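Chemist: Fold the following, please.
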Amino acid sequence: MNYLVGWSLLIVIFLGAGEGLNLFRIHIVDWLADGHPVDGILALAGLLLAFACTAFLGGFVYYRDKKRGKLKREGWRGRPVQKPEHPRKP
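Modeler: Residues are numbered from 1 along each chain as shown. Just a heads-up that it's a prediction; the model follows:
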């Protein structure tokens, strides 16, 4: 049951991102054709919706992988960084 709730949440967020891009596409064409300011505002709202949904999906995947220990700490140019053993006390 938990998987069903999680998958349905991800599908709804994914569809929200697609709807945001579709809203942007439709209203940017209308704004370029007619020049109404409302179309420009709705195009920006669609772009913000798509960005917010995509950021949520990225954060969801990041924290899920972090929780499962699949992320590796990397330094400059992808080189692994060694963790210090124990902090030395003076």
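Chemist: and the most centrally placed residue in the chain, helix, strand or coil?
Modeler: The chain has residue 55 as the residue nearest its centroid, 1.8 Å off, counting by CA atoms, centre = their mean. Taken by DSSP: H, G, I helix; E, B strand; the rest coil, the conformation at residue 55 corresponds to helix.
Chemist: List the buried residues in stretch 9-21.
Modeler: 13, 16, 17, 20, 21 (16 or more other CB atoms under 10 Å). No exception for glycine: its C-beta is placed from N, CA and C like everyone else's.
Chemist: Could you list which of those residues belong to strands?
Modeler: In strands, judged by DSSP state E, none of those are found.
Chemist: The residues you listed in helices, which ones?
Modeler: 13, 16, 17, 20, 21 (DSSP state H).
Chemist: Once you drop chain neighbours, what's closest to the last one?
Modeler: In other words, residue 21. Distances taken as CB to CB, 6 or more residues apart in numbering put residue 50 closest to residue 21, at 4.7 Å, once the chain neighbours are dropped.
Chemist: Packing partners of the helix or strand where that neighbour lies?
Modeler: Following DSSP states H and E, one finds residue 50 within helix 37-67. If contacts are counted by 3 or more CB pairs under 8 Å, 6 or more residues apart in numbering; DSSP states H and E, helix 37-67 sits against helix 2-34.
Chemist: can you state the direction angle for the helix it packs on and helix 37-67?
Modeler: 150 degrees (axes from the mean of the first three to the mean of the last three CA atoms, to 10 degrees).
Chemist: Many thanks, I have nothing further to ask.
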